[in-house]
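Asker: take a look and give me a structure for this.
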Amino acid sequence: MIPLAYTPFIDAISAHELWYLLIVPMAIFLAIGYKSVRCSNLKHFPREVLVFTILVLGGLMLLAIAFTVMIAGLLPMLAPMPG
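Answerer: Numbers count the residues shown, from 1 in each chain. The predicted structure is shown next:
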């Protein structure tokens, strides 16, 4: 029987094709949680959350680029495939 209401922990959202888009809200929520504890003046809170979110997303992008270069470029030189 199909329930009338959406039950989030029983019926999971099918986000397998677009999983990488979930990184953006996760970075925003991380920044809100971190800056709500660390921010000394709430006047600067939105700007600090935005800067922290951009830093997190930028760091993840740089890590993705570094791992791609390492796996696609450096790894074949260190351990070539036989044949």
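
Asker: max-length helix in the protein?
Answerer: Of all segments of type helix in the chain, defined using DSSP state H, the longest is helix 45-69.

Asker: report all helices and strands that it contacts.
Answerer: Using 3 or more CB pairs under 8 Å, 6 or more residues apart in numbering; DSSP states H and E as the contact definition, the elements that helix 45-69 packs against are helix 23-38. In this view, the C-beta of every residue, glycine as well, is placed from N, C-alpha and C.

Asker: now what about the helix it packs on, what contacts it?
Answerer: Under the contact criterion CB atoms under 8 Å, 6 or more residues apart in numbering, helix 23-38 has outside partners F45, E48, V49, L50, F52, T53, V56, L57, L60.

Asker: among those, which two are most distant?
Answerer: Across these, the longest distance by CB to CB is 22.5 Å; it joins F45 and L60.

Asker: give me the distance from the longest helix of the chain to the chain's centre.
Answerer: Relative to the chain's own centre, helix 45-69 is displaced by 9 Å; criterion: CA atoms, centre = their mean, to the nearest Å.

Asker: that one versus helix 23-38: what angle between them?
Answerer: Here helix 45-69 points in a direction 130 degrees away from that of helix 23-38 (axes from the mean of the first three to the mean of the last three CA atoms, to 10 degrees).

Asker: tell me the helix or strand right after helix 45-69.
Answerer: helix 75-78 (DSSP states H and E).

Asker: may I see the buried residues of that following helix?
Answerer: If you call a residue buried by 16 or more other CB atoms under 10 Å, then helix 75-78 has no buried ones at all.
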